[in-house]
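Peer 1: Just need the structure, nothing else, for what follows:
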Amino acid sequence: MPNRLVSSFPNVVSKQNITQQDDQYHADTRILGIEGVGEIAQTTDPQRLPVGQAVISIMGEMGRNFDGSYAEYALLPNQQIYPVTTDLPWTQLAVFPETCYTAYTSLKNLRPAPGDRYLIRGGTSGVGIAMLNLIRAKDPQAYVAGTSRSLAKAARMKDAGYSTVIKDQNGHLQTAEKFDKVLELIGPVTVKETFTHVNEGGIVCVTGLLGNQWTLEHFDPITDIAPGAYLTGGYSGGGHGRKRLTNSSPTCRGIR
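Peer 2: Purely as a prediction, here's the structure:
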């Protein structure tokens, strides 16, 4: 398949790129960057991707099997480039690609339904805020709790749209509440404890690895998954078949 040359603009530093640099994630590439935004510099498809067209690119083994978006110019496969129409500055558009698509994939896997009570564990992260905004767009009245290790962030989290804020103290949520749908962004290190806060029939989607543990250890699915509940994962690496995107305002910034 022909490739396009994309002039790369500001990029975000992802958790996966940090772990690649720490040799925790194997990659056969000289230049990192699993997502990016930019303009078409050279093209073999002037109708869909004319020179100067604003684009984003996400995953597809970019920055792993071939050089990634941290290059000044990124040479990307046909199916890897998605044109966008936006009035956002590059520094804001750069927030969107991987963050928002990861949240979107995770929300689909949680199978949202009217009346669901949501928990976002890792609620101040970029993906957490993106998920919150997607839930609010779908159901403005939904109950959405977010977690943080510091309640000093509670006011800003509520301003962002959370219904309530729960302290995550040493891997234990300081609440007796239970939820129907949980986005687990801390990862395997807390997923067992997360299931103690899940209603029967509920779903936990493990998407993040903010706890710096990649795999489940000493996990018994018979006893550790809540009765009648389900465990799934969120992965945005496929990426084929995405539609043309139109963005008008930033929705994915984390809270610090």
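
Peer 1: For residue 217, list the residues it contacts.
Peer 2: Residues in contact with residue 217 (CB atoms under 8 Å, 6 or more residues apart in numbering) are residue 188. (Glycine included, C-beta is placed from N, CA and C.)

Peer 1: Secondary structure of it: a helix, I assume?
Peer 2: No - per DSSP: H, G, I helix; E, B strand; the rest coil, residue 217 lies outside any helix segment and is coil.

Peer 1: Using the three-state scheme, assign residue 32.
Peer 2: Quick answer, by three-state DSSP: residue 32 is coil.

Peer 1: actually residue 102, not the one I wrote
Peer 2: helix.

Peer 1: Pretty sure it sits against residue 207.
Peer 2: Yes - between residue 102 and residue 207 there is a contact under CB atoms under 8 Å: 6.2 Å.

Peer 1: Name the residues contacting each of the two.
Peer 2: Counting by CB under 8 Å, 6+ apart, the residues touching both residue 102 and residue 207 are 127, 234.

Peer 1: which residues of this structure fall in strands?
Peer 2: Taking DSSP state E as the criterion, the chain carries its strands at 3-8, 35-42, 54-58, 73-77, 81-86, 117-121, 143-148, 164-169, 172-173, 179-184, 198-206, 230-233, 245-247.

Peer 1: The third one to strand 81-86, inter-axis angle?
Peer 2: It stands for strand 54-58. Inter-element angle recorded for strand 54-58 and strand 81-86: 130 degrees (by axes from the mean of the first three to the mean of the last three CA atoms, to 10 degrees).

Peer 1: you'd agree residue 58 is up against residue 98?
Peer 2: Yes - counting by CB under 8 Å, residue 58 touches residue 98, with 5.5 Å between them.

Peer 1: Give me the more crowded residue out of those two.
Peer 2: residue 98 (28 against 24; other CB atoms under 10 Å).

Peer 1: With adjacent residues omitted, what lies nearest to that one?
Peer 2: residue 35 (4.0 Å; CB to CB, 6 or more residues apart in numbering).

Peer 1: That neighbour and residue 55 touch, don't they?
Peer 2: No - at 11.6 Å, residue 35 does not count as touching residue 55 under the criterion of CB under 8 Å.

Peer 1: Find the residues that touch each one of residue 58 and residue 98.
Peer 2: With CB under 8 Å, 6+ apart as the test, residue 58 and residue 98 both reach 34, 35, 236.

Peer 1: Many thanks, I have nothing further to ask.
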